[in-house]
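>>> Provide a 3D model corresponding to the input given below.
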Amino acid sequence: MDTMNRPFAGTDNEAIFQLRDLYKDYDELTGVIQRIKNRWATTHKDIDPSFHPLIGTEDGQMGLKSLKDKTSRLLEKQLRLWPLWSEWLVNVPGCGPRIAAPLILSYYYRFTPTCQSCGGALTRNEGTLTCLNCGKEAKGEGVLLVKPEERDFPTVSKWRAYCGRHVLDDKMPKRKAGQVSNWSTKLRTATYHLADQFNRQTTKTPYGRFLLERKAKAVKDHPDLTPGHRLNMAKHEASCLFLSHFWHVARTMDGKSTDGPYAQVILGHTGIIPPYHWGEEGLDKVGS
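Below is the predicted model:
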């Protein structure tokens, strides 16, 4: 572990790649299982999809469901190398390895394609990836070499925006054909699933109670909107709160500044909610 409190330098790069690969394996297995279930449902409507020979187990062989569960356990074990998981996220109900892994990977690292000849960074020029050092063009973009580089989000607003949780013209942005977005669909999806977990928790957890409070406020402030629209608004606010907490805890663990946002520091607004499910020692450090 390096001074930044997580695997990064030298041989620790292997830990980063292993986390990324395990997350991709889990995600792909989940997609395969769901596609098989969808096909199964069209022809075997009265039979539980878990009886599909590839999903369940047959003749003592491991099915896709068992393989997915094993991958989840390996993913959780790998996540323990990151204190952000082992000291906080593991305590957040609903934030399992599948949600935590892409958030941690995207918060801490970017994976830069590199030249196979000299190891220099590749940049896209007129549709072709070209090495900045030697000028060679990359061949076979599907098997590019990549290296992890440290990423930093100096403000919580930049982190939320990268997760697609920012608002433009009173709406969250959508992808447009022919345009490269500066936010991550993968992270917006992850935070959507997490907010759905918060909604199921109702009053049992702090995030669940916060979501219910925001939904009640939406009913009062926007009686003209549909219940579904108000629920989505509350889920969005719960996601933004969680991402703010994520940023504060990560920055504190890394010894970086956690100065409050503009509304708190410049305008003097109060009511900033400290991270849920974190120890008193961590809470004392927020904003220091």
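
>>> residue boundaries of the strands in the stretch 1-150 of the chain?
Secondary structure of the stretch 1-150 of the chain by DSSP state E, counting those that start in this stretch: the strands cover 109-114, 122-125, 128-131, 145-150.

>>> Which strands or helices does the first one pack on?
Secondary structure elements in contact with strand 109-114, counted by 3 or more CB pairs under 8 Å, 6 or more residues apart in numbering; DSSP states H and E, are strand 122-125, strand 145-150. C-beta coordinates here come from the backbone N, C-alpha and C atoms, glycine included.

>>> Number of residues surrounding residue 128?
11 (other CB atoms under 10 Å).

>>> Also residue 189?
By the criterion of other CB under 10 Å, residue 189 has 14 neighbours.

>>> ok, it to residue 254 distance?
From residue 189 across to residue 254, the span is 26 Å (CB to CB, to the nearest Å).

>>> Distance check, residue 202 against residue 208.
With distances taken as CB to CB, residue 202 is found 5 Å from residue 208.

>>> cool, residue 157 as well?
Separation of residue 157 from residue 208 (CB to CB) stands at 25 Å.

>>> buried residues in stretch 211-225?
Neighbour counts over stretch 211-225 (16 or more other CB atoms under 10 Å) mark 211-212, 214-215, 218 as buried.

>>> Can you pick out the ones from the residues you listed that are in helices?
211-212, 214-215, 218 (DSSP state H).

>>> pLDDT wise, what is the most centrally placed residue in the chain at?
Geometric centre of the chain, nearest residue: residue 103, 2.8 Å, by CA atoms, centre = their mean. pLDDT recorded at residue 103 is 97.

>>> Equivalent analysis for the one 3 residues further on, please.
The predicted local distance difference test score for residue 106 is 96.

>>> Quick check: phi and psi at the closest residue to it other than its chain neighbours.
Excluding its sequence neighbours, the residue lying closest to residue 106 (CB to CB, 6 or more residues apart in numbering) is residue 187, at 5.7 Å. Phi and psi for residue 187, reported as degrees, to the nearest 10, are phi -80, psi -30.
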